[in-house]
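Asker: Dropping a prediction and its sequence here:
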Amino acid sequence: MLTAAGRRARVVVTVLVFGLLLAGTAFGDDDAFPFGPFRMYSTRDDPDGLVVSTRVEAVDRTGRLLVVPDTATGLRRAEIEGQVGRFRADPALLAELSRAHDRLHPDEPAYDLVRVVERRYRLRDSRPTGEQAEQVVAEWRR
């Protein structure tokens with residue numbers, strides 16, 4: 001059985017949490033999670049619009065073209081997608097992906113080139129139309 005002071009404390013905490021959730025929903029962003037929306041789950045693509053898929057490619061010292069997996073750099077695709085604007089503004093930041101690969105995989109050939117590529121798919125009624133285009137949005141060379 002709770003005391004009157006305990007019940008008041010619970011009510012205050014409950015009102016505070018709901019207030020933060022409401023404010024986060026109205027004004028928050030992913031950085032405010034869990035008190036802001038996690039856009040990945042709170043939005044949807046336009047059923048007649050474009051869907052963007054981002055990948056990181058690299059060319060290693062042997063000249064091989066590689067699609068860089070999460071395990072190569074320690075950064076997940078969502079983290080890369082979240083930084084695309086920064087990579088566009090300053091492609092030299094991609095050097096950090098090369099350095100991360102070198103630290104995590106010292107026995108593998110180093111990356112001489114790293115680039116971020118966006119593939120855009122056109123949708124009609126939420127289905128791919130077959131129309132797609134690719135664009136390199138940032139590129140760094142050693």
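Answerer: Structure received.
Asker: For whatever helix or strand R119 lives in, which helices and strands make contact with it?
Answerer: Assigned by DSSP states H and E, R119 belongs to strand 111-124. On a contact count with 3 or more Cβ pairs under 8 Å, 6 or more residues apart in numbering; DSSP states H and E, strand 111-124 meets strand 50-60, helix 84-89, helix 95-104, strand 127-141. C-beta coordinates here come from the backbone N, C-alpha and C atoms, glycine included.
Asker: Strand partners (parallel or antiparallel) of it?
Answerer: Here strand 111-124 is paired, per DSSP bridges, with strand 50-60 (antiparallel), strand 127-141 (antiparallel).
Asker: who's in contact with the last one?
Answerer: Residues from elsewhere that reach strand 127-141, judged by Cβ atoms under 8 Å, 6 or more residues apart in numbering: 84, 87-88, 91-95, 98, 112-123.
Asker: Out of these, which end up buried?
Answerer: F87, P91, L94, S98, L113, V114, R115, V116, V117, E118, Y121, L123 (16 or more other Cβ atoms under 10 Å).
Asker: Throw the strands paired with strand 111-124 into a markdown table and include mean neighbour count, thanks.
Answerer: Formatted as a markdown table, the strands paired with strand 111-124 follow (neighbours: other Cβ atoms under 10 Å):
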| stretch | mean neighbour count |
| --- | --- |
| strand 50-60 | 16 |
| strand 127-141 | 13 |
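Asker: mind checking which of the ones you listed is nearest H105?
Answerer: Closest to H105 of the strands paired with strand 111-124, according to Cβ to Cβ: strand 50-60, at 10.2 Å.
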